[in-house]
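>>> Sequence plus predicted model, see below.
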Amino acid sequence: MNQSGCIICRTRALVEFFALDAVPVHCNIQWETREAACAAPVGDLHLVFCTECGHIYNQAFDPALVEYSQKYENSLHFSPFFEAYAQELARALVGRHGLAGKQILEIGCGKGEFLNFICGLAGSRGVGFDPSYVAESGDRESHCAVRFVPEFYSRHHQDFEPDLVICRQVLEHLPAPLELLGDIREAAIEKEARPVVFFEVPNVLFTLRDGGIWDLIYEHISYFSPASLRGMFQQAGFDVSSVEEVYGGQFLQIEARPQAEPAPPPKADNHRLAGLVNAFATTFHERVERWRSRLEVLRREGKRAVLWGAGSKGVTFLNTFRDLCPADYAVDLNPRKHGRFLPGCGVEIVAPESVRDLKPDLILIANPLYQNEIRGAVAELGVAAEFEVI
């Protein structure tokens, strides 16, 4: 990473406040064998806080370690809870911006679920960019007016004039997020257009304020707060209309439009965020020690546990306590993960139906938002188990 200054404002007002070494480089690449998973590449997290603009990022990030390809699998759309959230978001965007018959560009479209849905809902044309995109047998049929490009979006892809640009859960992965915003703005200004730009990113306040420590992963270079996200968009030449915390406070959503003449962003007030940053190392280690004590008790009692949720939160949790083997298996609704193994810890991913045969004493829930969904699924399987959110 650039060591000369903040990756957003370029000042040297950086304070390192947290370090975690040898974490899996990819939480969302699953491996074919346990041996390969245990030998998955690792990297270091050295989080710094810019006291000038409020940005938080991993200064130890090495882009040479990261690969986004068709091996990358992080779709959440198999969850009814998440699917309902995504569909409601699509309806809100269509209604708010009158997208019927318009053109939609999605950057980082994954396997295309959201773009297909919103274009079908609005009768819109769409283009999605993502190097991990692959059309697989059994996937829902693509909307006829949607095409996918299995590449990263760049300024070279300017033949499509969107009315709405969508980018969800991507910006935090980029070593230079301002470059993507610059490409989007440049394309719009050249065409004398002002498309609505909608971005969604993880909310660092959920990690710092609400104790969501399992969201610390190598894939995420940047950790945005509402103020730092707004400031970055303003610096990149966008007129920001809204920034909101959503999804139980776990996500941030921002809407903006490119400006022909960018205005300098106002100076950020980072006092409250600085307080959370200063307390975080203590918060992290206290929570880890509480869970270590809890897992040691479960181990002594001989209780068998599985973890429900083979995504980023689950990977971070299982690798934090690899020495205690906190779960025999990881359960996930995404069938593309079944029979594969999680990086680092080497835990096998199984389908929900497997819980019937595994008969665990305890089901650890990776994300509190899915509690009701998981409890309902387990009840339908006729399994009696205790539940606990990690």
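That came through fine. Numbering: from 1, shown residues only.
>>> Where does pLDDT dip in the protein?
2-3, 136-144 (pLDDT under 70).
>>> mind running it again at 90?
Scanning the chain for pLDDT under 90 picks out 1-4, 67-77, 111, 131-144, 154-160, 187, 189-193, 260-269.
>>> Just the helices from it, written as ranges.
Taking DSSP state H as the test, the helices found in the chain are 34-38, 80-97, 113-122, 177-190, 204-208, 226-235, 271-301, 312-320, 354-358, 371-380.
>>> If you count neighbours, what's buried in stretch 104-114?
104, 105, 106, 107, 108, 109, 110, 111, 112, 113, 114 (16 or more other CB atoms under 10 Å). (C-beta placed from N, C-alpha, C; glycine too.)
>>> Correct me if wrong: the fifth one contacts residue 172.
No. Proximity of residue 108 to residue 172 does not meet the contact threshold set by CB atoms under 8 Å, at 10.5 Å.
>>> Return the member of the buried residues of stretch 104-114 nearest to residue 21.
Using CB to CB, residue 108 comes nearest to residue 21 of these, at 27.9 Å.
>>> Put together JSON lines for the helices of the chain, with distance to residue 7 on each row.
Shown next, in JSON lines, are the helices of the chain (distance: least, CB to CB, whole Å):
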{"stretch": "helix 34-38", "distance to residue 7": "31"}
{"stretch": "helix 80-97", "distance to residue 7": "28"}
{"stretch": "helix 113-122", "distance to residue 7": "27"}
{"stretch": "helix 177-190", "distance to residue 7": "8"}
{"stretch": "helix 204-208", "distance to residue 7": "15"}
{"stretch": "helix 226-235", "distance to residue 7": "10"}
{"stretch": "helix 271-301", "distance to residue 7": "17"}
{"stretch": "helix 312-320", "distance to residue 7": "21"}
{"stretch": "helix 354-358", "distance to residue 7": "43"}
{"stretch": "helix 371-380", "distance to residue 7": "36"}
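>>> Figure out which of those is closest to residue 49.
Using CB to CB as the measure, helix 271-301 is the one of the helices of the chain that comes nearest residue 49, at 4.7 Å.
>>> So what's the gap between that closest one and the chain middle?
Taking CA atoms, centre = their mean, to the nearest Å, the mean C-alpha location of helix 271-301 is offset from the chain mean by 22 Å.
>>> Who are the packing partners of that helix?
The contact analysis (3 or more CB pairs under 8 Å, 6 or more residues apart in numbering; DSSP states H and E) places helix 271-301 against strand 14-24, strand 42-50, helix 204-208, helix 312-320.
>>> If you count neighbours, what's buried in that helix?
Using 16+ other CB under 10 Å as the test for burial, helix 271-301 gives 273, 276, 277, 280, 283, 284, 287, 291, 295, 298.
>>> now do stretch 357-376
Buried residues in stretch 357-376, counting neighbours by 16+ other CB under 10 Å, are found at 358, 360, 362, 363, 364, 365, 366, 367, 369, 370, 373, 374.
>>> quick one: contacts of that stretch?
Applying CB atoms under 8 Å, 6 or more residues apart in numbering, the external contacts of stretch 357-376 come out as 79-81, 214, 247-248, 250, 298, 303-309, 311, 313-314, 317, 326-329, 331, 350, 355, 378, 383, 385-390.
>>> 7 Å instead, please
By CB atoms under 7 Å, 6 or more residues apart in numbering, the surrounding residues in contact with stretch 357-376 are 79-81, 247-248, 298, 303-309, 311, 313-314, 317, 327, 329, 378, 383, 385-390.
>>> Against residue 324, how distant is the residue nearest to residue 185 when sequence neighbours are not counted?
Nearest residue to residue 185, sequence neighbours excluded (CB to CB, 6 or more residues apart in numbering): residue 258, at 4.2 Å. For residue 258, the distance to residue 324 (CB to CB, to the nearest Å) stands at 50 Å.
>>> now residue 211
Counting by CB to CB - residue 211 and residue 324 are separated by 20 Å.
>>> quick one on the thing from earlier: residue 234: which of the buried residues of stretch 357-376 is nearest?
Residue 234 lies nearest to residue 369 out of those, by CB to CB, at 30.4 Å.
>>> Please report the distance of that closest one from residue 206.
Residue 369 sits 11 Å away from residue 206 when distances are taken as CB to CB.
>>> Same check on residue 387?
21 Å.
>>> Residue 94 now?
Note on residue 94: its distance to residue 206, by CB to CB, is 27 Å.
>>> For the residue most central in space within the chain, give me its contacts.
The chain has residue 169 as the residue nearest its centroid, 4.7 Å off, counting by CA atoms, centre = their mean. Residues near residue 169 by CB under 7 Å, 6+ apart: 108, 200, 201.
>>> Skipping adjacent residues, who's closest to residue 94 in space?
In space, residue 94 comes closest to residue 122 once its chain neighbours are excluded; the distance is 4.6 Å by CB to CB, 6+ apart.
>>> Contact partners for that neighbour?
94, 99, 100, 102.
>>> now the first one: how far from residue 163?
What it means is residue 94. Distance, residue 94 to residue 163, using CB to CB: 11 Å.
>>> Please apply the same query to the third one.
Computed with CB to CB, the distance linking residue 100 and residue 163 is 10 Å.
>>> these two touch, right, residue 198 and residue 166?
Yes. If you go by CB atoms under 7 Å, residue 198 and residue 166 touch, sitting 5.2 Å apart.
>>> Of these two, give the one with the bigger neighbour count.
Neighbour tally, residue 198 and residue 166, criterion other CB atoms under 10 Å: the higher count belongs to residue 166, 25 against 21.
>>> What sits closest to the more buried one if chain neighbours are left out?
What sits nearest to residue 166 in space, not counting adjacent residues and going by CB to CB, 6+ apart, is residue 106, at 4.4 Å.
>>> roughly how far apart are that neighbour and residue 164?
Using CB to CB, residue 106 is found at 9 Å from residue 164.
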